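> With the sequence up front, the predicted model follows.
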Number of protein chains: 2
Amino acid sequence: MNKRHVYIISDSTGITAQTLAQSIVSQFEDIKFQTTVIPYVDSIEKAQQTVERINSNCHDGERPIIFDTVIAPNLSEILSGAQGMRFDVLNMYLAPLQVELGQKSTLTVGKAHGRAQDANYKHRIDAVHFAMENDDGAKTRYYDKADVILIGVSRCGKTPTCLYLALQFGIYAANYPITEEDIEDLSLPKVLKEHKHKLFGLTIAPDRLSLIRNERRANSKYASLRQCQNEVREVEGIFRRHGIDFINTTDSSIEEIAATMLDKSGLHRS
Amino acid sequence: MNKRHVYIISDSTGITAQTLAQSIVSQFEDIKFQTTVIPYVDSIEKAQQTVERINSNCHDGERPIIFDTVIAPNLSEILSGAQGMRFDVLNMYLAPLQVELGQKSTLTVGKAHGRAQDANYKHRIDAVHFAMENDDGAKTRYYDKADVILIGVSRCGKTPTCLYLALQFGIYAANYPITEEDIEDLSLPKVLKEHKHKLFGLTIAPDRLSLIRNERRANSKYASLRQCQNEVREVEGIFRRHGIDFINTTDSSIEEIAATMLDKSGLHRS
């Protein structure tokens, strides 16, 4: 298999560049990419060190691919000394946008991700604490503050989805597991009824649920295929009976679940 | 203030495109951008609807900016009918990379984020559960499985950082709050000593810590500036005495804390 080195150079965390680079190189399935992220290249000295580091590496005889989101012109100039195929990621957009918008960009380092001091960032962190404290039905008295309450059987993906919604979008997401007792009642627990417009259901294929539960409690009734089939069938019945939107998480990542949920529920992505 | 509409169109979640677009438009501080994300544009019908939706909007007389990561050539062709300034995000890179790598890209939809079935994705979700279960010193018996153990005073940012490390990088991160009792001992708790090479410290400016704690328990001793000053001074003393790497989170977002920590500790970003 062909190999290529990929460098991601950023004056900040490198997270934007890494996300983008990953989505691009993953389009070439026959090549094995070896990725190195070099964050916080924010001084002349660090830029020079980065160039030396790249140029002194052998790269198995193939020139590396370089994704670079360093914005200061003097540092960008130094980085152009690195031998490789270089994408000057931000400038590919900023140059034409400056013309379109009739404005110079402010060329500020590290604007992609929230600063610790701004309100938007604080909201995200508060949302993370909210998700932690309102996980797994532990508390229900703060549901009036929730933007969304995810419901579904145990281990269908509620917790990671809530945390992702909080971290990525600052959404206050609680979750409540529908248990056997709830199912026997054939109705929604009272605490959920009061917040029906915030409910969103997750479901999952019973065989996959059984696999996941077996990792946690091997050979238990809880993990048995029959138990999983029963719970999923009943819970999907509850979703339908009460007109609760739901999605199947079997083949979806939390990013996909979150994006679909936001799209269906009309919640805003901040 | 000038206004501009921004559309982010994706055949998948739209998260890559949104992250990128945000880091780009935030460079123009004098313009207020109004962003609409349109995910899952993965059929001819949806592509046509997207074009109609954009073209029927008035946009206050200014053409919108469109960031598009739809990869199928037939859908991309339809989207080119949207009136605006369009960035065909992936193709800007894929076209030159195909030449460089001597290969056609596989043009697979939605490759940016983990599929629910691949090992890498499963590892991330397991890491999220690990972070939840090993939060706040609740359990210490799984520290042998941890990649890193964050330590610091209460409310210095350990929990959100651990969850971010798990979700974004699949890193098994536990955290342990250093309490007054630990401080009085002037030494590291035994359970931490055993895993000293995994420890990473967080610290924070006392006045900021006091603000954060006051939101939680107003006017308590716990939140008082004097208490915060004492705890921070002592804990930083412990970090120095035991040679534990640490960073100050006062002005840093969790993305920045995580990137710095990974850089210093040499942990791999997956």
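Sure, I can see it. Numbers count the residues shown, from 1 in each chain, chains lettered A, B, ... in the order given.
> Tell me which residues of the helix ranked longest in chain A come out buried.
Using DSSP state H to assign secondary structure, the helix with the most residues in chain A is helix A:225-241. Within helix A:225-241, the residues that count as buried by 16 or more other C-beta atoms under 10 Å in any protein chain shown are A:227, A:228, A:231, A:232, A:234, A:235, A:236, A:238, A:239. Backbone N, C-alpha and C define where each C-beta goes, glycine included.
> Specify which member of these is nearest to residue B:124.
Using C-beta to C-beta, residue A:228 comes nearest to residue B:124 of the buried residues of helix A:225-241, at 22.9 Å.
> what residues does the helix or strand of chain A with the lowest mean pLDDT touch?
The least trusted helix or strand in chain A, going by mean pLDDT, DSSP states H and E, turns out to be helix A:180-185, with a mean of 80. Helix A:180-185 is touched from outside by A:188, A:189, A:231, A:234, A:235, A:238, with contacts defined as C-beta atoms under 8 Å, 6 or more residues apart in numbering or on different chains.
> hmm, back to that, TSV please, covering the buried residues of helix A:225-241 and showing distance to chain B and pLDDT.
Listed next are the buried residues of helix A:225-241 as TSV, based on distance: C-beta to the nearest C-beta, whole Å; pLDDT from 0 to 100:
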residue	distance to chain B	pLDDT
A:227	20	95
A:228	17	96
A:231	20	95
A:232	16	96
A:234	23	93
A:235	19	94
A:236	19	95
A:238	24	92
A:239	20	94
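> Please render these as JSON lines that adds distance to residue B:206 to the earlier fields.
JSON lines is the format used below for those (distance: C-beta to C-beta, whole Å):
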{"residue": "A:227", "distance to residue B:206": "52"}
{"residue": "A:228", "distance to residue B:206": "51"}
{"residue": "A:231", "distance to residue B:206": "49"}
{"residue": "A:232", "distance to residue B:206": "51"}
{"residue": "A:234", "distance to residue B:206": "53"}
{"residue": "A:235", "distance to residue B:206": "48"}
{"residue": "A:236", "distance to residue B:206": "52"}
{"residue": "A:238", "distance to residue B:206": "50"}
{"residue": "A:239", "distance to residue B:206": "49"}
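> Quick check: the farthest pair among the residues you listed?
Across the buried residues of helix A:225-241, the two members that end up farthest from each other (C-beta to C-beta) are A:227 and A:239, 18.7 Å apart.
> What separation is there between residue A:28 and residue A:34?
Applying C-beta to C-beta, to the nearest Å, the value for residue A:28 to residue A:34 is 13 Å.
> tell me the domain boundaries of chain A?
Chain A breaks down into these domains under automatic domain parsing: A:2-101, A:119-265.
> Kindly confirm my reading that residue A:159 is in a helix.
Yes: per DSSP: H, G, I helix; E, B strand; the rest coil, residue A:159 lies within a helix segment.
> burial of it, as a residue count?
Neighbour count for residue A:159, taken as other C-beta atoms under 10 Å in any protein chain shown: 22.
> got the contact list for it?
Counting by C-beta under 8 Å, 6+ apart, residue A:159 touches A:135, A:136, A:175, B:128, B:129, B:132.
> Pull the number of nearby residues for the last one.
Residue crowding around residue B:132 was assessed by other C-beta under 10 Å; the count is 20.
> helix or strand right after the helix or strand containing it?
Assigned by DSSP states H and E, residue B:132 belongs to helix B:119-133. Stepping forward along the backbone from helix B:119-133, the first helix or strand reached (DSSP H and E) is strand B:148-152.
> so what strands line up beside that following strand?
Strand B:148-152 has its sheet partners listed here by DSSP bridges as strand B:173-177 (parallel), strand B:199-203 (parallel).
> how about low-confidence regions in chain A?
For chain A, the stretches flagged by pLDDT under 70 are A:1, A:108-117, A:268-270.
> Repeat the analysis, applying 50 as the threshold.
Applying pLDDT under 50 to chain A flags the ranges A:114.
> so how far is stretch A:198-217 off the chain centroid?
Distance of stretch A:198-217 from its chain centroid, counting by C-alpha atoms, centre = their mean, to the nearest Å, is 20 Å.
> can you check stretch A:58-65 too?
31 Å.
> Compute the first-to-last residue distance for it.
Stretch A:58-65 stretches 13 Å from its first residue to its last (C-alpha to C-alpha, to the nearest Å).
> Repeat that for stretch A:220-227.
Chord length of stretch A:220-227, first to last residue, is 10 Å (C-alpha to C-alpha).
> quick one: contacts of that stretch?
If you take C-beta under 8 Å, 6+ apart as the criterion, stretch A:220-227 is touched by A:154, A:206, A:207, A:210, A:213, A:214, A:216, A:217.
> how about a cut-off of 6 Å?
Under the contact criterion C-beta atoms under 6 Å, 6 or more residues apart in numbering or on different chains, stretch A:220-227 has outside partners A:210, A:213, A:214, A:217.
> JSON lines for those, including distance to chain B?
Below are the contacts of stretch A:220-227 laid out as JSON lines (distance: C-beta to the nearest C-beta, whole Å):
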{"residue": "A:210", "distance to chain B": "16"}
{"residue": "A:213", "distance to chain B": "13"}
{"residue": "A:214", "distance to chain B": "14"}
{"residue": "A:217", "distance to chain B": "14"}
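> that older thread, give me the more crowded residue out of residue A:28 and residue A:34.
Remark: of residue A:28 and residue A:34, residue A:28 carries more neighbours, 20 against 12, as counted by other C-beta under 10 Å.
> number of nearby residues for residue A:149?
Per other C-beta under 10 Å, the neighbour tally for residue A:149 reads 25.
> residue contacts, it?
Residue A:149 touches A:174, A:195, A:198, A:199, counting by C-beta under 6 Å, 6+ apart.
> Isn't the first one up against residue A:144?
Same thing as residue A:174. No: shown here, residue A:174 and residue A:144 do not form a contact pair, counting by C-beta atoms under 6 Å, at 10.4 Å.
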